[in-house]
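1. The following block contains a protein sequence and its predicted model.
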Amino acid sequence: MYHIFSSKITKSIGDHSHSHSSHHHHSSHHHSSHGQDEKKRFNGKILFIVVLGLIFHSVFAISIFDIYFRSPLVHGMTPHKVDLPAPAQRLVLFVADGLRADKFYEMVDQPTDLGKKVSRAPYMRDIVENVGSWGVSHTRVPTETRPGHVALIAGFYEDVSAVTKGWKSNPVEFDHVFNQSTFSFGYGSPDILPMFSDHVPHMTSESYPPEAEDFGHSDASFLDTWVFQKIEELFSNSTKDVELKKKLQNDKLIIFLHLLGLDTNGHAYRPYSQEYYNNIGIVDRGIKKTVQLINDYYGDDKTAYVFTADHGMSNRGSHGDGERANTETPLVAWGAGVRGPLSSSLQMDRVTKLRGKAREVLNVNNETPENWKLHNLLRSDVSQADIAPLMSTLIGVPCPLNSVGVLPTDYLSTDGKYTTHALYANTMQIWEMFKLKSTQKKENSYFYRQYSGLVGADKIIGQINTYMENALYDDAQVLCLEFIDLCLAGLNYFQTYDRPFLMTIITLGYIGWIITLCLYVVNNYTTVGFKCDKDKVENLIPSIDKLSNYLIITMTVLLFGFLLSNDSPVLYYLYCSFVIFFWGKTIPANVLPFYLYLQSYMSGNGSSISNRGTTVGQSSSSSFIDYLKIAVFVVIFMELLVVAYFDRRVLSVLYVVVGLMWSVGSSSKHIAAPVKLCWLLSCLSMAIFPNIGLDYGNDTRLVCLGGILIFAIGSFTIYYVNNRTNWATTVPSSTSGKSKYIQGALLVSILFATWLVFSTDSALEKKIGLPYFNQLASWVMLVASAFLLSPLKGKHHYQHWVYMSLALSIPFILLSINYEPLFFGCFIFNLSLWMFIEVGTEEKESNTQQQQNQDNVTSFITQNDITRSIIYVCLKRKIFFCYVGFFGVGNIASISSFEISSTYRFTTIFDPFLMAALLLWKIFIPLLLVSISYSLLNNRLHIPRPASFLIVIAISDIMSINFFFLVKDTGSWLDIGMSISHFAISNAIIILQLLLSGVSSAIVPTSFKLKMKQ
Ligand SMILES: [Zn+2]
């Protein structure tokens, strides 16, 4: 085999029927050993393509990290300190994990006196109105605990990839506010504290054991009371412990209280629950007590207080994406160095102009909501990272070295001199980061393009210094802020330095892959491949090989040379290798038949097509038009699915269209009227689901109803299969005792799972924790249903389908919290009908065709028809069903909307990896169901599986390219985060399809065919 990736052009043209007859039952009797050999080699190639596809998509999906999420950290800068006395000696930082701004600020009716409005946090409300200053802190995606705390305390936005690098250990060392303090004390969650205190000898931290974060047991607010208690203990211990007392008397001291209760209660009961509201009250009282304690202890008014949150919480009880409920958190500061409340008449813009990394445009609502009742007060908004320089400035330590935060000067009560010097230190710190990045880039790249915005930097710095010497503090501050904006833009410039080059490479890679797949299918499954002139191909191969070698050498020298001269990361070489492989090797190796076909088509005669009949020339031109039609149809369909990412209702429309197509269309003459009606009804019921809102809570009744629906559908189909055997005409209608037993067991298991959900949920509602028996039974059912998939074998296609769909229903019910099982039941019914109709149609058609082809020796026409039927019948629907399965119950825009509470029947202790695995299995199940039905259908209809499968992949990749270009780096973070997750999802779906094809071919036996034929 000379060509690694080429089809068997040279070998099998002429005797192609061998390799294909094996898929085709008409001629499956005369297998030669040579044919078997061909088939083996052929399957080897498919396997190679699948593995290559897996690697390719995994690598290219990671590319967005190189393009959009490079780690911003650089090392080797010197800290810049203000040489003036700081306003505060110590700082207390309260972080209410998962507290969203509106639930904190809004005023609500007092339960006893309805006319009167009260705050859920009366003490903090008093601070906002009479003592300190307030605003909204805008966080960035991902709105997760770890990146939120890094932004707050270290002042930079961690790249998304860090989230995957574990929760406790630091992928890289970074500087933060605690690091700069003389002593720090921290109390809170074991997920967060060690991240800051592990390598800092002067920080003392204490955490509760991880098991304490149990969603199932009562109220989580005890996590907060624990923290407040620890603070009390700290100060009471200091009366006995001289060493500790000395530490506490030091200046530049930080006390950090991480309050996880709200996050845990929000996940468990959602942020509009009484539990969440009560927890706000508990935090409020705890802060009141702590502040009094500290003020009494020191009695010097030298303490500054900052209260904020790391991220918000959506109504679904989740966070992670850029929804406003997630990105808007409260910020309240008071005490030493912080200004008191100011009238809103001083507000220049409605909201303070936000600065931040490269002037990010946050999804900011300028309007302060009416029910906050804060219109009379000045509101100062910040980007989350700005809180780090604010804290540094208050206690007079240098800003964290990698901070991109900009000191929010309107929080300060300090005089012009101190404020300006602090802002100047902040400016120099960011400027130095820019200088370091630009030097690094200059040293490493051959064709260095410098950032034009900062050419006159020295002049600006000189000007700032002049202003400061002459005490023109306002002018100096304005210039500092302008200069910071330039530096941040410059940092962004270097952050995205490689982007144009990478974008080109990635696009070329995707296009190369799609072309390769298409050429492969064209060569192996269409007349273009079968009918091309073998001799001509043989003659052209040497020159093509030469061309291919030249291409590979040229591209390798150019691309790798460029990468080497720029000192690029290893992954860049991998991206380029794929591009070189596709464009230099696989495309040239597969292009010949198509090239000859095009040549003959253009010249208008069928000379290059072998002399198989007089009508061949005509049919080639008509099939060309056919391909064009198909291509146009496919592109329209894929674009509609792209639209479906932004509006799920498109799926509903598509469902209605599909439903009507078969029930009233011309292609449905032979389908019986009741079946048509069922199909239409089933499609219409499926069309409902994409319209249901996504902010749903738990509803055990709907889960139980869904379980019963699945049970009913299962019983009905089993009854139907046992009594009517249209589906497998060759199988005797009697059901053996064994299969009766299996069916019964599956149906009983479904009812049992439904009962488990019901009893577990009522136990959790009573807050008596997760019953041990229920937990054990759930796990047993989950594991057993997964392991039974492979040994469970139906006698014929339909029985196998019933087994598979019932077995998969069990874990799905256990992982459901609302209407998902109803969706799943309808989905099973819909897929079953689809398969039923498809088989009926095919059998009618093949019967008539068999008669026509009786005297025809070759199977060309049928093969051509199969090609067409692959494209028309299966592909579109497979992709369509996949998307329905994936998005029917989840939000298309964000992974975070897959509810954590779905996993409460298995565990209630917070464990991100176990919970993510369970959720993935839940997402996986509908997709697996589609794959199984597809494999079964392919088996039943004798469609060559690889061909249709490869086309599915190629078409799905059109979508990936689409989303790759739709990825944004400007605009609101909601849009950016969404566009990136779209790209990630479209890649993940292809990877899933590749994996699922493996799984479903493992659990769908190919042996029915043999049984049925004999
Ligand atoms: Zn959090």
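-> Sure thing, it's come through.
2. and Ile742, what does it touch?
-> When contacts are counted by C-beta atoms under 8 Å, 6 or more residues apart in numbering, Ile742 touches Leu792, Tyr803. The way it works is simple: take the backbone N, C-alpha and C, and place the C-beta from them, glycine included.
3. what helix or strand does it sit in?
-> helix 737-765 (DSSP states H and E).
4. mind listing what's buried in that helix?
-> 739, 742-743, 746-747, 749-750, 753-754, 756-761, 764 (16 or more other C-beta atoms under 10 Å).
5. Name the nearest of those residues relative to Met313.
-> Among the buried residues of helix 737-765, Leu764 lies closest to Met313 (C-beta to C-beta), at 19.4 Å.
6. if I look at that closest one, how far off is Thr903?
-> Leu764 sits at a distance of 12 Å from Thr903 (criterion: C-beta to C-beta, to the nearest Å).
7. With Leu52 instead?
-> 35 Å.
8. tell me the SS of the residue of the stretch 701-850 of the chain found nearest the ion?
-> Residue of the stretch 701-850 of the chain nearest the ion, by C-beta to the ion: Ile817 (21.4 Å). Assigned by DSSP: H, G, I helix; E, B strand; the rest coil, the conformation of Ile817 is coil.
9. who touches the residue of the stretch 151-300 of the chain found nearest the ion in this structure?
-> Proximity of the stretch 151-300 of the chain to the ion (C-beta to the ion) peaks at Asp263, 4.6 Å away. Contacts here follow C-beta under 8 Å, 6+ apart; on that basis Asp263 touches Asp97, Gly98, Thr145, Met313.
10. of all those, which two lie farthest apart?
-> Greatest spacing in the contacts of Asp263, by C-beta to C-beta: Thr145 and Met313 (11.4 Å).
11. list residues touching both of these two?
-> When contacts are counted by C-beta under 8 Å, 6+ apart, Thr145 and Met313 have Gly98, Asp263 as shared neighbours.
12. Looking only at neighbour counts, state which of those two leads.
-> Met313 (28 against 25; other C-beta atoms under 10 Å).
13. Do you know the pLDDT at the more buried one?
-> At Met313, the model reports a pLDDT of 92.
14. residues contacting the residue nearest to Leu508 when sequence neighbours are not counted?
-> Using C-beta to C-beta, 6 or more residues apart in numbering and skipping the chain neighbours, the partner closest in space to Leu508 is Val579 (4.9 Å). Contacts for Val579 (C-beta under 8 Å, 6+ apart) come out as Ile505, Leu508, Gly509, Gly512, Met555, Leu559.
15. so the residue lying closest to the first one once chain neighbours are set aside is in which element?
-> I take that to be Ile505. Nearest non-adjacent residue to Ile505, counting by C-beta to C-beta, 6+ apart: Tyr575, 5.0 Å away. Tyr575 belongs to helix 570-580 when assigned by DSSP H and E.
16. In the helix or strand that that helix is followed by, which residues are buried?
-> On the C-terminal side of helix 570-580, the nearest following helix or strand under DSSP H and E is helix 587-603. The neighbour-count check on helix 587-603 (16+ other C-beta under 10 Å) flags 587-597, 600-601 as buried.
17. Stretch 485-498 too?
-> Buried residues in stretch 485-498, counting neighbours by 16+ other C-beta under 10 Å, are found at 485-495, 497-498.
18. so what's Leu91 up against?
-> Neighbour list for Leu91: Leu253, Ile254, Ile255, Thr303, Ala304, Tyr305, Val306, Met391, Leu394, Ile395 [criterion: C-beta under 8 Å, 6+ apart].
19. Assess the claim that Leu756 and Arg905 are in contact.
-> Yes - when contacts are counted by C-beta atoms under 8 Å, Leu756 is listed as touching Arg905 (6.8 Å).
20. so what sits against both of those two?
-> Common neighbours of Leu756 and Arg905 (criterion: C-beta under 8 Å, 6+ apart): Asn774, Ser778, Leu814.
21. pLDDT of stretch 94-110, averaged?
-> Averaged across stretch 94-110, pLDDT comes to 92.
22. Could you see whether the ion lies near it?
-> Yes - using C-beta under 5 Å from the ion, stretch 94-110 reaches the ion at Asp97, Gly98.
23. quick one: buried residues of that stretch?
-> In stretch 94-110, counting by 16+ other C-beta under 10 Å, buried: 94-107.
24. Return the closest of those with respect to the ion.
-> Asp97 (4.0 Å).
25. How about the closest one: what's its closest non-neighbour residue?
-> Excluding its sequence neighbours, the residue lying closest to Asp97 (C-beta to C-beta, 6+ apart) is Asp263, at 4.0 Å.
26. And for Asn962?
-> Val642 (5.3 Å).
27. Mind telling me what element that neighbour is part of?
-> Element membership for Val642, per DSSP H and E: helix 616-646.
28. In the stretch 351-500 of the chain, which residue sits closest to the ion?
-> For the stretch 351-500 of the chain, C-beta to the ion, closest residue to the ion: Gln384, 12.4 Å.
29. ditto for the chain
-> For the chain, C-beta to the ion, closest residue to the ion: Thr145, 3.1 Å.
30. in terms of contact, does that residue touch Val95 like I think?
-> No - in this structure, Thr145 is not within contact of Val95 by C-beta under 8 Å, at 9.4 Å.
31. Now the common contact residues for those two.
-> Common neighbours of Thr145 and Val95, using C-beta under 8 Å, 6+ apart, are Asp310.
32. Now do the SS call for the residue nearest to Tyr272 when sequence neighbours are not counted.
-> Take Tyr272 and drop its neighbours on the chain: the residue closest to it by C-beta to C-beta, 6+ apart is Asn315, 6.6 Å away. Under three-state DSSP, Asn315 falls in the coil class.
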